[in-house]
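fold the following.
(chains A, B, C and D)
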There are 2 protein chains.
Amino acid sequence: MKKSKFNQIIIDKYWESVPPAWRQTRSKIRTIAVERFQMTEEQFQVLRRIRRGSASVSALAEASQTSRSAVSKAVDVLVRRGLVVRSQDLNDRRNIPLALTDEGQRVMDSIFNEAEEWLSARFEHLSQEELEALLEGMETLRKVFSNS
Amino acid sequence: MKKSKFNQIIIDKYWESVPPAWRQTRSKIRTIAVERFQMTEEQFQVLRRIRRGSASVSALAEASQTSRSAVSKAVDVLVRRGLVVRSQDLNDRRNIPLALTDEGQRVMDSIFNEAEEWLSARFEHLSQEELEALLEGMETLRKVFSNS
DNA sequence: GTATAATAGTTGCGTAGCTCAACTATTTGC
DNA sequence: GCAAATAGTTGAGCTACGCAACTATTATAC
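Presented below is the predicted three-dimensional model:
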């Protein structure tokens, strides 16, 4: 009883926080991307993850909880724009490792500054306690939605 | 220094939690919606909010951080399907209050059960502490992204 | 060793989900 | 009473993304 009531509160809060946060973030990224870099939010996410280390289409799809075809298409655009290179894995030729080009690296640095400054500004006025609870909550969120 | 480093951690965590959570949720809603109710995720959100009380296109757009035109179109589909009615506000005739029809209420009840059971199952194995931190974190998230 | 299954990636097609700008219909404020 | 603001709608157009079908490669089964 008590448990299920609390559950309902969690679910309500989820609907009221995550989808709006996401919509607003996407909208902001789009604005930056379109105005200055002609890049979509999805491409931004792909670049973001490639930047953190070597990656493949499948790994990116898994990490961002989307389909391989969607990632494949995003990567394709980035390759055509000279921001990403598809390289080779001689041990397993099905695998196609992805990496940033120098230009990709450069673009990433500036788009990152802008996007993350915006995000940063959002979090700026939070207290230390709020930040810590937020961090913990987001980690839980990540865990909860990462499998399956 | 310390502050900005912590900020970076928060931002990273944000990227790794919110967008994937959202993508997976949308995907699940779509599955339920398409398979059983022929309804999109956006329509689901609109119905969800109307169910909680009277609402208008503008209020819904504000709450879900999207544009009025997007909401207007979603509402239009729901009206054509007989799930929502546009009524009148005689005090201000610009305002068009929205309400569920009986059929809309009925459909909502069952789609809700299904969608929220899925969400509920995700949160099921969390400890009480995790749930509380999650709740607090999501409230912070909501606040942070609620004003323009 | 070959057939079969599994895996990585791509492509075409269709549709949902927006946004922007332009428009109508009201109401509010000098 | 007229300009500005507000609520809502509509049309054009583009992006995102899933599904299904396809190729290429590797792993497994017999």
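
what does stretch A:9-21 contact?
A:141, B:18, B:21-22, B:25, B:45, B:48, B:63-65, B:116, B:119-120, B:123, B:131, B:134-135, B:138-139, B:141-142, B:144-146 (C-beta atoms under 8 Å, 6 or more residues apart in numbering or on different chains). The C-beta positions use only the backbone N, C-alpha and C, and glycine is treated the same way.

what's the pLDDT at residue A:3?
For residue A:3, the pLDDT comes out at 56.

can you say which of the contacts of stretch A:9-21 are buried?
A:141, B:18, B:21-22, B:25, B:45, B:48, B:63-65, B:116, B:119, B:123, B:131, B:134-135, B:138-139, B:141-142, B:144-145 (16 or more other C-beta atoms under 10 Å in any protein chain shown).

can you pull out the low-pLDDT segments for chain A?
Within chain A, the stretches with pLDDT under 70 are A:1-4, A:147-148.

quick one: the helix or strand hosting residue A:130 to chain centroid distance?
Residue A:130 belongs to helix A:128-144 when assigned by DSSP states H and E. A distance of 17 Å separates the centroid of the chain from that of helix A:128-144, by C-alpha atoms, centre = their mean, to the nearest Å.

can you check stretch A:38-56 too?
8 Å.

now do stretch A:17-36
11 Å.

how about it, which residues are buried there?
Across stretch A:17-36, burial judged by 16+ other C-beta under 10 Å covers A:17-26, A:28-29, A:32-33.

check contacts around the most centrally placed residue in chain A.
The centroid of chain A falls nearest to residue A:45 when counting by C-alpha atoms, centre = their mean (4.0 Å). Contacts for residue A:45 (C-beta under 8 Å, 6+ apart) come out as A:64, B:15, B:19.

before we move on, what about residue A:74?
A:40, A:42, A:43, A:46.

and the gap between the residue in chain A positioned nearest to chain B and residue A:77?
Proximity of chain A to chain B (C-beta to the nearest C-beta) peaks at residue A:137, 1.9 Å away. Taking C-beta to C-beta, to the nearest Å as the measure, residue A:137 falls 34 Å from residue A:77.

those two: which is more packed in?
residue A:137 (25 against 16; other C-beta atoms under 10 Å in any protein chain shown).

buried ones in stretch A:98-116, by neighbour count?
A:98, A:100, A:104, A:107, A:108, A:111, A:114, A:115, A:116.

check whether that stretch contacts DNA strand D.
No - using C-beta under 7 Å from any atom of the strand, stretch A:98-116 never reaches DNA strand D; the gap is at least 13.6 Å.

how far does that stretch sit from the chain's center?
The answer for stretch A:98-116 is 14 Å, by C-alpha atoms, centre = their mean.

what sits up against that stretch?
Taking C-beta under 8 Å, 6+ apart as the rule, stretch A:98-116 contacts A:28-29, A:32-33, A:36-37, A:39, A:44, A:47-48, A:50-51, A:54-57, A:60, A:75, A:78, A:82-87, B:8, B:11.
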